[in-house]
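*Asks:* Give the three-dimensional model of this entry:
(chains A and B)
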Number of protein chains: 2
Amino acid sequence: MKNLTPFVLAFVFPVAASAFEALPKKPPVPSLNPVTPAKVELGKQLYFDPRLSKDGTVSCNSCHNVMAGGDDNRPNSVGIKGQHGGRSAPTVWNSAFLSVQFWDGRAKSLEEQAKGPLTNPIEMGMDSHDAVIARIKSIPGYVEGFKKAFPGSKEINIDQVAMAIATYERTLITPDSPFDLYMKGNKKALSASAVRGMGLVQSVGCTSCHSGPNFAGPLLPEGTGFYQKFPTFPGSSYDSKYELTADEGRSGVTKNPADKHFFRVPTWRNIALTAPYMHNGKVPNLPEAVRVMAKTQLNKELKEDEVSDIVAFLNSLSGKFPEQKMPRLPGSDGVTLVSE
Amino acid sequence: MKNLTPFVLAFVFPVAASAFEALPKKPPVPSLNPVTPAKVELGKQLYFDPRLSKDGTVSCNSCHNVMAGGDDNRPNSVGIKGQHGGRSAPTVWNSAFLSVQFWDGRAKSLEEQAKGPLTNPIEMGMDSHDAVIARIKSIPGYVEGFKKAFPGSKEINIDQVAMAIATYERTLITPDSPFDLYMKGNKKALSASAVRGMGLVQSVGCTSCHSGPNFAGPLLPEGTGFYQKFPTFPGSSYDSKYELTADEGRSGVTKNPADKHFFRVPTWRNIALTAPYMHNGKVPNLPEAVRVMAKTQLNKELKEDEVSDIVAFLNSLSGKFPEQKMPRLPGSDGVTLVSE
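*Replies:* Numbering: from 1, shown residues only, chains lettered A, B, ... in the order given. All right, here's what the predicted structure looks like:
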């Protein structure tokens, strides 16, 4: 049977493939925050502006680098004053397809997510949302930008800041990965190894969680998260090697002991670009991430050729990144905004 | 006389204006490092890549932000682990017109400058240039990029890294400021106040140092710096208020006591975008910078209407920033490159 596996999987693939979906080119958009070009442009400026952090060193892009895989390729993120966060930054790419944000799902939308890091003392460290608004108002180009993005509004407020950033993030979609092209009929888009991997992630059981167009579970209504316990099978040597049980995950938000060690199922899209892996970024490379997940979530030990086929499939999920113009950050008229 | 000043200056301006030059659209290019599109593109990727710092958090752009005024709008810069440098980051915009780099002129070229921060322990903190090269070589897209930028070369080396970054920096030119348009004949490009300021910077004496197309002194051969003592007239209250004499400047490089407190004359271009001011970034805004310079360098106390006219002129030096496409940073194939 062992030698037949690739053949068998290739054979059954056309049936099993119905579990997969190509990535739509447009994400869901909340009716209260329609996408407009002015809002995208303003959101992009805010996203890249380190002056939204207390000491002017950290922007959204510092930890969610859209020039790369949408994260910071670090185990955990570094905020102002060299402070380290406790979790690994999730990618911003295709996050518009997620129905909750953060590893523990504590924000129900991109808008709500955007407000958090601004005032988190170990991230951007602003004293308050009022302090964020005061700084934005002191930059004449932003006053103009908000007028264009929110016509008729009298005052700049934090909800608008979040709406603009979220709107920019809704443009960060990576369609047309080799996998997507394959799904659309180009059977040459995937290597034989990737096709075997595509079968394996179904037969091994990975896709019981990593389903849907973003491989992060089914598309659910905004605010409804798709969570899974990690590790589902505790007790392997990986638990201590990678400190997998130190973080209690979603129960920290809900205070419900039943949510202990539950995390939002992360996307597989562009996963080859977002090492290191897991909520704590302790797993250094993709083959090891595959081994860890098979063992801790499915209680399976994969053969190395299976690992490498699954990695080939995961590699095929790196999409086409839209060309983006660099934003120009508006000036502050010869006045410094940070003093520390 | 006091009330006549604006008129008199406007009147004498056509003569005095010969001291000024519009910014050329192309900077000098060393014959050993010609500009090619492949080198510009590679240099841009390297410039924006935080993986060139030890912990993956600091890129060239972190302190020399080309989406803004080419600096970090901070008193001093913040490197890895939240460490603060001793001086304020000079702007990268138009730095290709400077004949030496750094405040103390310790690098004779953009190429030489680019190598410094990579291994400075309080900036990007790489252990060695070899460590930089090892990291770059572990990123397949860079191996390809260096082949295109340096065809025929067998090995990636630190000189190529510096040449690519310097080549990108030579594209960072901001022509067509209101001042430049005025110099080219559009007399409506400057306000009456800016025109008065244009006269004042000559009559007060600022342009004895801030001359040339970059307002940083005459164009000199690469490696020949244009330095000035700061403060030239020590003893004012500004010395202690802004700690102007704490940094000994160029003598730290030459070990020559005659160079004590000498600094490279900085550019005025885009100065309204690069607050705070001076080598130590202690002066918080542009009007105060004008007052400080007049007193410490020329022993003059300006009237507030003169300060505001000079500021209007300085504001007219913000140029036209070229549209830039965001670089895509090549991935590291599912392997983390930083562990701390």
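
*Asks:* make it CA atoms for all contacts and neighbour counts henceforth
*Replies:* Fine.

*Asks:* What sits closest to residue A:301 if chain neighbours are left out?
*Replies:* residue A:295 (5.8 Å; Cα to Cα, 6 or more residues apart in numbering or on different chains).

*Asks:* for the helix or strand in which that neighbour is found, packing partners?
*Replies:* Element membership of residue A:295 [criterion: DSSP states H and E] is helix A:286-298. When contacts are defined as 3 or more Cα pairs under 8 Å, 6 or more residues apart in numbering or on different chains; DSSP states H and E, helix A:286-298 sits against helix A:304-315.

*Asks:* how many other residues sit next to the residue lying closest to residue A:124 once chain neighbours are set aside?
*Replies:* With Cα to Cα, 6+ apart as the criterion, residue A:124 has its nearest non-adjacent residue at 4.2 Å, and that residue is residue A:53. Residues contacting residue A:53 under the criterion other Cα atoms under 10 Å in any protein chain shown number 26.

*Asks:* Enumerate every residue touching residue A:53.
*Replies:* With contacts defined as Cα atoms under 8 Å, 6 or more residues apart in numbering or on different chains, the neighbours of residue A:53 are A:59, A:80, A:118, A:123, A:124, A:125, A:126.

*Asks:* at 7 Å instead, please
*Replies:* By Cα atoms under 7 Å, 6 or more residues apart in numbering or on different chains, residue A:53 lies in contact with A:59, A:118, A:124, A:125, A:126.

*Asks:* residues near the last one, how many?
*Replies:* A total of 23 residues lie near residue A:126 under the criterion other Cα under 10 Å.

*Asks:* Please apply the same query to the fourth one.
*Replies:* Taking other Cα under 10 Å as the neighbour definition, residue A:125 ends up with a count of 20.

*Asks:* which residue is nearest the centroid of chain A?
*Replies:* Centroid-nearest residue in chain A, with Cα atoms, centre = their mean: residue A:91, separated by 2.9 Å.

*Asks:* Now do that residue against chain B, distance only.
*Replies:* Residue A:91 sits 14 Å away from chain B, taking Cα to the nearest Cα, to the nearest Å as the criterion.

*Asks:* hmm, back to that, just put the contacts of residue A:53 in TSV and tack on pLDDT and distance to residue B:97.
*Replies:* Formatted as TSV, those follow (pLDDT from 0 to 100; distance: Cα to Cα, whole Å):
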residue	pLDDT	distance to residue B:97
A:59	98	30
A:118	98	38
A:124	98	35
A:125	97	37
A:126	98	37
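
*Asks:* would you turn the residues you listed into a markdown table with secondary structure?
*Replies:* A markdown table is the format used below for the contacts of residue A:53 (DSSP: H, G, I helix; E, B strand; the rest coil):
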| residue | secondary structure |
| --- | --- |
| A:59 | coil |
| A:118 | helix |
| A:124 | coil |
| A:125 | coil |
| A:126 | coil |
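
*Asks:* hmm, back to that, please verify my assumption that the residue nearest to residue A:301 contacts residue A:302.
*Replies:* No: using Cα atoms under 7 Å, residue A:295 is not in contact with residue A:302, being 8.2 Å away.

*Asks:* between those two, which one's more packed in?
*Replies:* Between residue A:295 and residue A:302, counted using other Cα under 10 Å, the more crowded position is residue A:295 (21 against 15).

*Asks:* per-residue pLDDT, the more buried one?
*Replies:* Predicted confidence (pLDDT) for residue A:295: 98.

*Asks:* Give me the phi and psi for the residue nearest to residue A:124.
*Replies:* Main-chain torsions, residue A:53, degrees, to the nearest 10: phi -110, psi 160.

*Asks:* and it, what pLDDT?
*Replies:* pLDDT for residue A:53: 98.

*Asks:* Give me the distance between it and residue A:128.
*Replies:* 11 Å (Cα to Cα, to the nearest Å).

*Asks:* Likewise for residue A:44?
*Replies:* 22 Å.

*Asks:* what about the nearest residue to residue A:334 once chain neighbours are set aside, neighbour count?
*Replies:* Nearest residue to residue A:334, sequence neighbours excluded (Cα to Cα, 6+ apart): residue B:272, at 4.3 Å. A count of neighbours around residue B:272, defined by other Cα under 10 Å, yields 24.
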